[in-house]
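[1] 3D model of this:
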Amino acid sequence: MDIYYLKENIQDMNNWYHKLIYLVDRNAQFQSTIPFLESFTKVNVNKIVSEKLLGIPRQKYPMYVNDILVEALDDQDDTYILQHIDILFDSQLKINPVKLFEQLSKHYQLIVEWPGKYENNQLSYAEYGHPEYFLSDKFEGEIFIK
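    Numbers count the residues shown, from 1 in each chain. Have a look, this model is predicted:
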């Protein structure tokens, strides 16, 4: 990954329609070790979503996920690093994480630590046959492979 190019894109991201960057680890186990990213606000999506969904009936989960994340992203001038996003692939939520990020990125600058792979112009999560398997070849945003 070209760190200079990533830094330049982050600085220019506010001018994009979809202010969205995916950081993908070659080993599909993302560990953020890019020093200049430390200044951005980190959001633990698993923690926030799971805590906020307590007490909500499962059939209503899909109606709340977007609002939960909007509540966590309270400053449109900030840049957010979305970490630990695995919960978004849970079939009970009935959402498409990529579409969710695209919607949010119209208003917020997002850097998503993607816990899966990027191969053949496709973002994937889990292995084929797994209940949380996800594959997307249609997405907005930039991809940076670490």
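[2] pLDDT-wise, which helix or strand of the chain ranks last?
    Least confident helix or strand of the chain, by mean pLDDT, DSSP states H and E, is helix 3-12 with a mean of 90.
[3] for this protein, what spans make up the helices?
    Ranges of helices in the chain, per DSSP state H, are 3-12, 45-53, 61-72, 97-104.
[4] Name the stretch among those helices that sits most buried.
    helix 97-104 (a mean of 19; mean count of other Cβ atoms under 10 Å). Heads up, the C-betas are built off the backbone N, CA and C, glycines and all.
[5] Give me the residues contacting it.
    18, 20, 65-66, 69-70, 73, 82, 85, 88-89, 110, 112, 123, 125, 134, 136, 138-141 (Cβ atoms under 8 Å, 6 or more residues apart in numbering).
[6] Centre-most residue in this protein?
    Val112 (3.6 Å; Cα atoms, centre = their mean).
[7] Show the contacting residues for that residue.
    Taking Cβ under 8 Å, 6+ apart, we find Val112 in contact with Leu20, Ile21, Tyr22, Leu23, Ile81, Leu82, Ile85, Phe101, Gly141.
[8] What of Asn14?
    With contact set as Cβ under 8 Å, 6+ apart, Asn14 has these partners: Gln109.
[9] Kindly recompute the last result at 6 Å.
    By Cβ atoms under 6 Å, 6 or more residues apart in numbering, the contact list for Asn14 is empty.
[10] just use 11 as the starting number from now, easier for me
    Okay, residue one is now 11; in that scheme the one you just asked about reads as Asn24.
[11] How confident was the prediction at it?
    The model reports Asn24 with a pLDDT of 91.
[12] can you check Asp12 too?
    For Asp12, the predicted pLDDT is 76.
[13] Not counting sequence-adjacent ones, nearest residue to Asn19?
    Leaving aside its sequence neighbours, Asn19 sits nearest to Glu152 (Cβ to Cβ, 6 or more residues apart in numbering; 5.7 Å).
[14] Perfect, I'm done here.
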